[in-house]
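> Give me coordinates for this.
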Amino acid sequence: MVSRILYLFLLGSLALSAAVPVPTADTLGRLDGAPEGKVSRLVCQSKVYPGTIREYFLYVPAQYDGSKEAAVMVCQDGHTFLKPDGDFRLPLVFDNLIHKGEMPVTVAILINPGVFAEELTEAQTWKTPKNARSNRSVEYDTPDGTYARFLETEIFPEVAKHVKISSDPARRAICGNSSGGICAFTAAWERPDLFGKVVSHIGSFTNIRGGYHYPSLIRKTEKKPIRVFLQDGSGDLDNAHGNWWLSNLQMEAALKFAGWDYKTVWGDGGHSGQHGGAIFPDTLRWLWRDVR
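Next comes the predicted model:
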């Protein structure tokens with residue numbers, strides 16, 4: 001009897017382990033012949049969010065030669081997508097997929113949330129400066145058009161000084177994790193003329209600043225020309241703001257009801273980028289499947 005219980009326990013453990021996503025070759029190393037893109041650091045002092053300053057990073061693939069406009073993907077909490085040992089490793093994944101022709105030549109704009117400070121130094125890269133207050137929740141969790149306006153009027157014009165990016169929403173994507181995920185959806189929801197593609201990992205579609213209304217709004221609003229990818233796990237957060245897992249399931253049900261172009265990938269993980277990072281190459285292939 002004890003042996004059988006132990007066997008069942010081990011079997012369950014193996015099943016659980018099998019459910020944990022494993023990064024693929026596209027994330028783990030550079031493919032033969034894949035050229036390396038360039039990442040530059042820029043700083044923005046915002047007028048849309050007065051008193052804030054932020055760093056952002058511009059990834060330009062080696063295949064971009066300036067002869068035509070590139071597709072573009074904006075990522076919130078930009079540093080989390082850049083870390084070479086992180087969950088997403090965006091520059092490497094983009095290098096590999098663009099090299100294989102599995103996504104278009106795509107520029108990435110990786111933006112950190114604003115902080116209330118007078119300046120940023122190189123030493124403060126990827127962290128909030130000491131004694132500076134972050135504006136992250138205001139920018140990411142507020143369900144209105146302010147952040148999209150910030151991108152349109154302050155970030156895109158600066159990026160245009162360095163690289164030509166497409167104005168076609170079908171060639172523009174926006175991505176984020178947690179509050180960055182709902183931020184991505186909000187930007188496209190408010191401005192489908194700016195963004196036609198959304199990726200949300202463990203999205204905070206809860207009542208932090210009112211974003212829990214989206215499932216109802218999706219059901220009652222004419223379908224918008226936006227492609228949406230959602231990822232979450234049943235072990236995600238459950239707190240005073242709401243239940244992240246249930247909120248994402250509500251988003252899925254609403255998108256299905258309203259006939260949107262969407263895809264969901266669910267797991268049993270918690271509030272981390274592990275799952276989203278492991279499937280990131282497949283997500284990008286699905287997202288850009290009709291754009292080259």
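> which residues are in contact with stretch 210-221?
141-143, 182, 185-186, 189, 204-206, 242, 247, 250-251, 253-255, 257-258, 260 (Cβ atoms under 8 Å, 6 or more residues apart in numbering). For the C-beta atoms, the positions are set from N, CA and C on the backbone; glycine is no exception.
> where does this structure dip in pLDDT?
The model of the chain has pLDDT under 70 over residues 1-20, 122-128.
> and the closest residue to residue 25 other than its chain neighbours, how many neighbours does it have?
Nearest non-adjacent residue to residue 25, counting by Cβ to Cβ, 6 or more residues apart in numbering: residue 31, 7.1 Å away. Close neighbours of residue 31, defined as other Cβ atoms under 10 Å, add up to 13.
> How about the one 5 residues further on?
Summarising burial for residue 36: neighbours were counted as other Cβ under 10 Å, giving 11.
> Over to residue 29?
11.
> likewise residue 270?
16.
> Identify the residues contacting the nearest residue to it once chain neighbours are set aside.
Using Cβ to Cβ, 6+ apart and skipping the chain neighbours, the partner closest in space to residue 270 is residue 235 (4.2 Å). By Cβ under 8 Å, 6+ apart, the contact list for residue 235 reads 245, 268-270.
> Mark which of the residues you listed are part of helices, please.
residue 245 (DSSP state H).
> Surely residue 185 is within a helix?
Yes - the assignment for residue 185 is a helix, going by DSSP: H, G, I helix; E, B strand; the rest coil.
> quick one: the closest residue in space to it that isn't next to it in sequence from residue 217, how far?
Nearest non-adjacent residue to residue 185, counting by Cβ to Cβ, 6+ apart: residue 198, 5.3 Å away. Per Cβ to Cβ, to the nearest Å, residue 198 is found 15 Å from residue 217.
> What about residue 65, how many residues nearby?
8.
> And for residue 277?
24.
> what packs against whichever helix or strand it is part of?
Per DSSP states H and E: residue 277 is located in helix 274-278. The contact analysis (3 or more Cβ pairs under 8 Å, 6 or more residues apart in numbering; DSSP states H and E) places helix 274-278 against strand 227-233.
> Just name whatever secondary elements the strand it packs on is in contact with.
So strand 227-233, by 3+ Cβ pairs under 8 Å, 6+ apart, packs with strand 197-201, helix 244-258, strand 261-267, helix 274-278, helix 280-287.
> Okay, strands next: where are they in this structure?
In the chain, the strands defined using DSSP state E lie at 38-45, 52-60, 71-76, 106-111, 115-116, 133-134, 172-177, 197-201, 227-233, 238-239, 242-243, 261-267.
> Now distance to residue 288 too, for the ones you listed, in CSV please.
Formatted as CSV, these follow (distance: least, Cβ to Cβ, whole Å):
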stretch, distance to residue 288
strand 38-45, 20
strand 52-60, 15
strand 71-76, 7
strand 106-111, 7
strand 115-116, 32
strand 133-134, 32
strand 172-177, 8
strand 197-201, 8
strand 227-233, 10
strand 238-239, 34
strand 242-243, 31
strand 261-267, 13
